[in-house]
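Peer 1: with the sequence up front, the predicted model follows.
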Amino acid sequence: MKEIVMKRRNFLKGILATSFTLASAASVLTPLTALAKVGAKKRDDWLTTGSHFGAFKVKRKNGVIDQVKPFDLDKYPTDMINGVKGLVYNPSRIRYPMVRLDFLLKGHKSDTTQRGDFRFVRVTWDQALTLFKQSLDEVQTNYGPSGLHAGQTGWRATGQLHSSTSHMQRAVAMHGNFVKKIGDYSTGAGQTILPYVLGSTEVYAQGTSWPLILDNAKTIILWANDPYKNLQVGWNAETHESYEYLAQLKEKVKQGKIRVISIDPVASKTQDYLGCEKIYVNPQTDVALMLAIAYELYSNNLHDQKFIDGYSLGFDRFVPYLTGESDGIAKTPEWAEKITSVPVDVIKDLAKTMVAGRTQFLMGWCIQRQQHGEQPYWMAAVLATMVGQIGLPGGGISYGHHYSSIGVPSSGAAAPGAFPRNLDEGQKPIFDSKDFKGASSTIPVARWIDAILEPGKVIDANGAKVTYPDIKMMIFSGNNPWNHHQDRNRMKEAFHKLECVVSIDINWTATCRFSDIVLPACTTMERNDIDIYGSYANRGLLAMQKMVEPLFDSLSDYEIFTRFARILGKEKEYTRGMTELDWLKKLYSECKTANDGKFVMPEFEQFWQDGYVHFGEGKPWTRHADFRDDPEINPLGTPSGLIEIFSRKIERYQYDDCKGHPTWMEKSERSHGGPGSDKHPIWMQSCHPDKRLHSQMCESKEYRQTYAVQDREPVYLNPEDAKKRGIKNGDVVRVFNDRGQLLAGAVVSKNFPKGVIRIHEGAWYGPVGDDGSITGGAKVGALCSYGDPNTLTQDIGSSKLAQACSAYTCLVDYEKFRGKLPQVTSFQGPLEIGA
Amino acid sequence: MSQVNQETAQGISEEREARAVVYNFLSSLFAKEVTSDLVAQLTSAQGQSFLNSLALEPSLTGSIEGIKAKFAKLNSEESLLELAADFCGLFLVDGRASVSPYAGQYVSAKKSAEPSVETGSRSKKDKIQIFGELHQKMTEFLTDNKLQIHSDFPEPGDHIAVILAYIAHLCVTAEPKEQGHFIKCYLMTWLSDFTQQVNEHDHGLFYSYVADLTLAWLNVDTEFLPNN
Amino acid sequence: MKWFKNLWQTLNKPAKYLTLGSISLTAFIMGVIFWGGFNTAIQATNTEEFCIGCHSMESKPYQELQKTVHWSNHSGVRATCPDCHVPHSWGRKIARKMEASSDVWGWFFKTVNTDEKFESKRLEMASREWGRFDRDDSLACKNCHNYDSMKWEDMSKLAQKQMKRAAEKDQSCVDCHKGIAHILPDMGTARAPELIAEVGTGPSKFDAGQDYFTALTKPLFFSSNGDVEAGTLNVATKVKVLESKDNRVKVAINGWRKKMGAGRVIYLEFGINMLTAQLTKDAARAEGVINGFEEKEDDMTGLKWQRVETELWTDAEYLITEQQPLWDYARDTFRSSCSVCHTQPDEAHFDANTWPGMFQGMIAFVNMDQDTQALVQKYLQQHSSTFVKEKH
């Protein structure tokens, strides 16, 4: 025994004797210095913050977020706040700035075919930002501004100061000019067609207040609209006040005081909640149904001719189409029944109901996210015009009551501004060229993949010609196009053509994995900010108090781009010489000044201590009432100032897929007997998720486990269809078409009719090899292991007018998955190529 | 105090220091990428003799020889970057081919404190939130010992490099019994699982040798600690 | 943009941003020795203690001052009550002391001895002080802040533009810098104060036959002295002044109207929905108010339009000589307000008749008063693809 001890002693002595060389290896530990500065609040008090999911309070323990509870004023909090901790302490946080190894070695000549499946190395912030700048230099030098697209932006995290897109675009604009987008993925067709028809984008406009709807409406038509699901999240910190009104509506439905009729292929969450009437319509056939209702109104003289004459233009040019005089097809209920599967009697009854009393149309956004998505929105406006109640409380049409609490009366207070997105007056970029080489500097939002694949191609868009720029570099910040864009495999091909992709985010999204330079931003919990409480309600001002220091090497958006501006030699121009706190005070005091004399706001310090300023309740308001009152003085923003049932302006464009009046047109793919349904008979609905904000929150594991099926995104299946395919609840299903394939977890539900499935968008993309192996995910055609529906969707424009995304024009089929179940790869960092 | 006792005391102190050196050495290899400075140091004559002295212990010989061989090939910027990419893919991201350096991803704090209940191992797909209970626990240990994690190393307290560095600290400050207890509860509960995963995913082999070396060293070292 | 506000912010910021070099420390020497004993007595009243002893300031203006850069800054020079509120020339000083006695009376009769009463009198008291600053060209400010020694290169481009313009005219500082030492009073119904601060209120005298531009949406009247409104004249509209009388001017308004309803809305050009004026129904129907000329059908809508002219009266204010400052202000407002949520579209991305629809669909998210909204919409239309032909 003693011998062993001696041997060990000698062994250790030998180590010690030779160990001086390691003196320079610094320990990761260091003597404890003074504790972190104690802020105005005690460390363990409840602090306030906000998010798209609502406002909430947070309690910390030893510098780590411990408990989360809803904000006191939120009477209808969403359980999504239970996922917040999982966003912050996600194992898949981007911990350090990283660069794809081959890009680091070969720069713009790197092998891009393995994007999405490659090795990264850690670099310092200085190295990463310098590389970023050098890439910009290279692109601006070699290609000019048309080589750079930094305009693809998304839902960011809330907060007026750190809003990620503002920072990225201001900083990049200091370097040079770049390609930008117009429109967005949510309402692309709607926001383009409605200015021609109702003189406003409508989709983001404040709508008639709920109290007026509840007091005056006799019938509410929910057309492809699921407010109960979608009102959980908002553009700013969501107040969830709409739920109070939905509760009142539920009561009125129960008492028989208001009829709510939901027209939808599926039984929505709202239908289940309200217990309202349901009318099934075949997917993508809403225009045919609307035309038949219009036909019924017109042929029975139920329409309001006086309103049409006084407030609209072009009805006379629409009627020949309705009656079939112009195309030989009368848009009768009988005609529509064959297309829509809505029985003739139901159509006739709908027409009568709409004019029997005050009828409020509440349109959802889904039906404009499809091919010819302009048409249902235009035709619904025509229907509402024929009913003649636009501008009356509880009547007319709204395109937004499911969004960010539109319809909650606004307090009328001024909201805070934001960190500037643009360069300040007089500032010039380093590369000031505005030579886009004959290409367009602005392209429709959903057409960027087209542009990468076919530079120089000329397309029609909204009355103009767009020439695709030759994009070589893209920058994404707080934005995950590998969720929201359509057709993953097409995206892969496009990304092979990009020389450099930069992503800034909090966790490793698929967009980050397909990037070359990946930069870690901290979450909203790790920085100070302010936000409006309620986008449309403007209920108050919310302090977003820093809970914990930025994790790992992450930085706030402000700090990231301040450092970047420093590398450009423009730090002072960028920050205006102000700190984060200076900016918060500035945004606050400007808001205070704007509200001076109208809303009492304390000094900044008091506000920060309290965490909140309340602006009080708002007054009810009716959309378009002023127009109805005096259309001459309060004209709509249409060319005529009136509702345009027929648009000469659109007619002049001579588009075959968007004519002078609303038109029923067959789709490139349509279920229930439509084109392509013989091969892939199922329509896939990829609507906004119930348990996320788009793709935000999907990575929060503990929360995801409350709804995932065998770790996969749920796919909602019709019982008969499922049975025919030998699938039962909880099985893993392979969903496929010629564009791609994915795995998802079966949830069999009577809410989904035959020929229809639903997979919520926002399910993170996680490709694996064809055989389910962990390699091969970079290949075109790879299987998505988690269930991202955009693996299957079509990447086509809605029409030559809007060129909006058409995610809802998508046919698929599905089968029980019988192979070896691959591990889900969606919620991970970069994947390493096999040895 | 007799001269013999003095010699013994000095010997014990030297032993402790020597062990601390090894723990710190292992900690530094898990803390960050291998730099050209480290390569220069370890391939120098002095560095080689340090490694050779470790290799005298038979159970460490294999991994030390492996490390030496790898170091000999680290002679270009590119080879260092390849190794850095190995490090990044293994320890800096969470991926299907990664190995979590955080104790909390393998064992819960409760299981750590009562290792006898079960092995406490967690399957890889059950990854939980980081900065969890074991991070809290380690932060408390460090604070009690008037220590904190260096600001250049913004990692949770249950990172393997922190745990190894903390053991190095215990080597020179704490009683062997305390050392043994800590190692048993907070490192040995998951180290072999960790090592196995590194071996599975590290195609470059360097970190497989480092993980093997760590596990082998712990096995050698803890033999002489009480509570084992 | 909003330079007034920004500047206000700048001056309220912690002092570290005002460098020693950017403040001219023109030393001021109080009192002039040979005024002897009388001067000594006056001098005694020139201390803070003296002021706040009687001036009921302890709770309000004095405390407000303490939060500003004029109290605490790294140059170490502090502006105290008399530095700003007592003139530095003796003649004015005496007069001022007499004037101040009304403050003492105010205190004596307890008109401002509570917060509420003070607040109710704040605007009145502030206006009196502003008037005084105006009269002596803000001499008290210029004792420290000198136009000649300003470091232009340290200022933003916008600040330079504004300050140089002011320097040329040796403008009174408080014209723009109100509310820098005490809280700005509630200015009540003042419309679009930032806009007016930038473009001004216009000349006091008008040349007949000259063109002017409206800086706000303005009421129109039938006569030079009647109260009966004939309609409103939209912001940024060009009118020709025909004559001046009392506080009004008679203006000639030209444009086009749609032949629908009462035909009381006048637009800038044929077929373009850019608002020039809206008349009341009575005005539109009254004989001889609107003179109609040729008619044309707008092919894009099928509506008939008619060229019209009218001559009506409006208040002799907010009529300015240049249109460009209005567009500059509107451009800055558009670029900052409309980029809060997304990248603002290029002005020339839409045509003049599309912009109202795009703009009105988004205004729920921006904070603009009615005048600013109308101005920004008109700016967008004026700079739309209808008028600006460049590829985008």
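Peer 2: Sure, I can see it.
Peer 1: which parts of chain C are helices?
Peer 2: Taking DSSP state H, the helices of chain C run over residues C:3-12, C:36-44, C:48-54, C:61-65, C:81-85, C:90-108, C:115-135, C:139-142, C:157-168, C:193-199, C:281-285, C:324-337, C:355-360, C:370-382.
Peer 1: just checking, what packs against the lowest-mean-pLDDT helix or strand in chain A?
Peer 2: The least trusted helix or strand in chain A, going by mean pLDDT, DSSP states H and E, turns out to be helix A:2-18, with a mean of 81. Applying 3 or more CB pairs under 8 Å, 6 or more residues apart in numbering or on different chains; DSSP states H and E, we find helix A:2-18 packed against helix B:3-31, helix B:45-55. The way it works is simple: take the backbone N, C-alpha and C, and place the C-beta from them, glycine included.
Peer 1: buried ones in the longest one?
Peer 2: For helix B:3-31, a neighbour-count test (16 or more other CB atoms under 10 Å in any protein chain shown) marks B:14-31 as buried.
Peer 1: need the pLDDT of C:Arg89.
Peer 2: For the record, residue C:89 is Ser, not Arg. Model confidence at C:Ser89, expressed as pLDDT, equals 61.
Peer 1: helix or strand right after the least confident helix or strand of chain A?
Peer 2: strand A:29-31 (DSSP states H and E).
Peer 1: what are the ranges of the helices in chain B?
Peer 2: Counting by DSSP H, the helices of chain B are B:3-31, B:36-43, B:45-55, B:58-73, B:77-87, B:109-113, B:133-144, B:160-173, B:176-186, B:191-201, B:206-222.
Peer 1: just these: most buried one?
Peer 2: Among these, helix B:160-173 has the highest mean neighbour count (mean count of other CB atoms under 10 Å in any protein chain shown), at a mean of 23.
Peer 1: would you single out the least confident of the helices of chain C?
Peer 2: Across the helices of chain C, the lowest-scoring stretch is helix C:3-12, with a mean of 37.
Peer 1: what sits closest to C:Arg335 if chain neighbours are left out?
Peer 2: Distances taken as CB to CB, 6 or more residues apart in numbering or on different chains place A:Asn422 nearest to C:Arg335, at 5.0 Å, with adjacent residues excluded.
Peer 1: ok, now which ones touch that neighbour?
Peer 2: A:169-170, A:173, C:335-336, C:339, C:344 (CB atoms under 8 Å, 6 or more residues apart in numbering or on different chains).
Peer 1: compare these and tell me which is most surrounded.
Peer 2: A:Gln169 (25 neighbours; other CB atoms under 10 Å in any protein chain shown).
Peer 1: phi, psi for it please.
Peer 2: Main-chain torsions, A:Gln169, degrees, to the nearest 10: phi -70, psi -40.
Peer 1: list the residues that contact it.
Peer 2: A:150-151, A:153, A:421-422, C:343.
Peer 1: A:Ser398 too?
Peer 2: With CB under 8 Å, 6+ apart, A:Ser398 has these contacts: A:202, A:207-208, A:360-363, A:406-407, A:623.
Peer 1: returning to that earlier point: do you know which of the helices and strands packed on helix A:2-18 lies nearest chain C?
Peer 2: helix B:3-31 (38.3 Å; CB to the nearest CB).
Peer 1: the closest one: how far from the chain's middle?
Peer 2: 15 Å (CA atoms, centre = their mean, to the nearest Å).
Peer 1: does chain A sit close to that helix?
Peer 2: Yes - in terms of CB under 8 Å from any CB of the partner chain, part of helix B:3-31 sits within range of chain A, namely B:11, B:14-15, B:17-19, B:21-22, B:24-25, B:27-28, B:31.
Peer 1: what's that helix packed up against?
Peer 2: Checking 3+ CB pairs under 8 Å, 6+ apart, helix B:3-31 ends up next to helix A:2-18, helix B:160-173, helix B:206-222.
Peer 1: show me chain C divided up by domain.
Peer 2: C:48-175, C:201-320 (automatic domain parsing).
Peer 1: please identify the most buried of those domains.
Peer 2: Using mean count of other CB under 10 Å, domain C:201-320 ranks as the most buried of these, with a mean of 18.
Peer 1: that one and chain A in contact?
Peer 2: Yes - remark: domain C:201-320 sits within contact range of chain A at C:258, C:260-262, C:264-265, C:273, C:278, C:298-303, by CB under 8 Å from any CB.
Peer 1: what's the first-to-last distance across that domain?
Peer 2: Length of domain C:201-320, first residue to last, CA to CA, to the nearest Å: 7 Å.
Peer 1: hmm, back to that, nearest to A:Gln191, out of the domains of chain C?
Peer 2: Taking CB to CB, domain C:201-320 is the member of those nearest to A:Gln191, at 19.4 Å.
Peer 1: now do the same for the closest residue to A:Ala708 other than its chain neighbours: helix, strand or coil?
Peer 2: Computed as CB to CB, 6+ apart, the closest residue to A:Ala708 that is not its neighbour in sequence is A:Gly745, at 6.4 Å. Under DSSP: H, G, I helix; E, B strand; the rest coil, the three-state class of A:Gly745 is strand.
Peer 1: bridging residues for A:Gly745?
Peer 2: Beta bridges link A:Gly745 to A:Pro714, A:Val732, judged by DSSP bridges.
Peer 1: close to chain C: what parts of chain B are there?
Peer 2: Counting by CB under 8 Å from any CB, chain B has no residue next to chain C.
Peer 1: looking at chain B, what residue ends up closest to chain A?
Peer 2: B:Val93 (2.6 Å).
Peer 1: contacting residues for that residue?
Peer 2: B:Val93 neighbours (CB under 8 Å, 6+ apart): A:92, A:95, A:98, A:120, A:508, A:828-830.
Peer 1: could you check how far it is from B:His201?
Peer 2: Separation of B:Val93 from B:His201 (CB to CB, to the nearest Å): 12 Å.
Peer 1: same question for A:Met6.
Peer 2: 40 Å.
Peer 1: one more: A:Gly569?
Peer 2: Distance from A:Gly569 to B:His201, by CB to CB: 43 Å.
Peer 1: spatially nearest residue to the residue of chain B found nearest chain C (excluding sequence neighbours)?
Peer 2: Here the residue of chain B nearest chain C is B:Ser151; by CB to the nearest CB that distance is 25.8 Å. Using CB to CB, 6+ apart and skipping the chain neighbours, the partner closest in space to B:Ser151 is A:Thr30 (8.0 Å).
Peer 1: reformat the helices and strands packed on helix B:3-31 as CSV; add distance to A:Gly540.
Peer 2: Compiled in CSV, those are given as follows (distance: least, CB to CB, whole Å):
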stretch, distance to A:Gly540
helix A:2-18, 64
helix B:160-173, 42
helix B:206-222, 52
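Peer 1: of these, which is nearest A:Tyr574?
Peer 2: helix B:160-173 (35.7 Å).
Peer 1: just the C-alpha atoms of the closest one, please, in PDB.
Peer 2: Taking Å, rounded to 0.1, in the frame of the first residue of the first chain, the C-alpha atoms of helix B:160-173 are listed here in PDB:
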ATOM      1  CA  ILE B 160     -17.400  20.900 -17.200                       C
ATOM      2  CA  ALA B 161     -14.600  23.500 -17.300                       C
ATOM      3  CA  VAL B 162     -16.000  25.300 -14.300                       C
ATOM      4  CA  ILE B 163     -16.400  22.000 -12.300                       C
ATOM      5  CA  LEU B 164     -12.900  20.900 -13.100                       C
ATOM      6  CA  ALA B 165     -11.500  24.400 -12.200                       C
ATOM      7  CA  TYR B 166     -13.500  24.300  -9.000                       C
ATOM      8  CA  ILE B 167     -12.000  20.900  -8.100                       C
ATOM      9  CA  ALA B 168      -8.600  22.300  -8.800                       C
ATOM     10  CA  HIS B 169      -9.400  25.000  -6.200                       C
ATOM     11  CA  LEU B 170     -10.700  22.300  -3.800                       C
ATOM     12  CA  CYS B 171      -7.400  20.400  -4.200                       C
ATOM     13  CA  VAL B 172      -5.500  23.100  -2.500                       C
ATOM     14  CA  THR B 173      -8.100  24.400  -0.100                       C
END
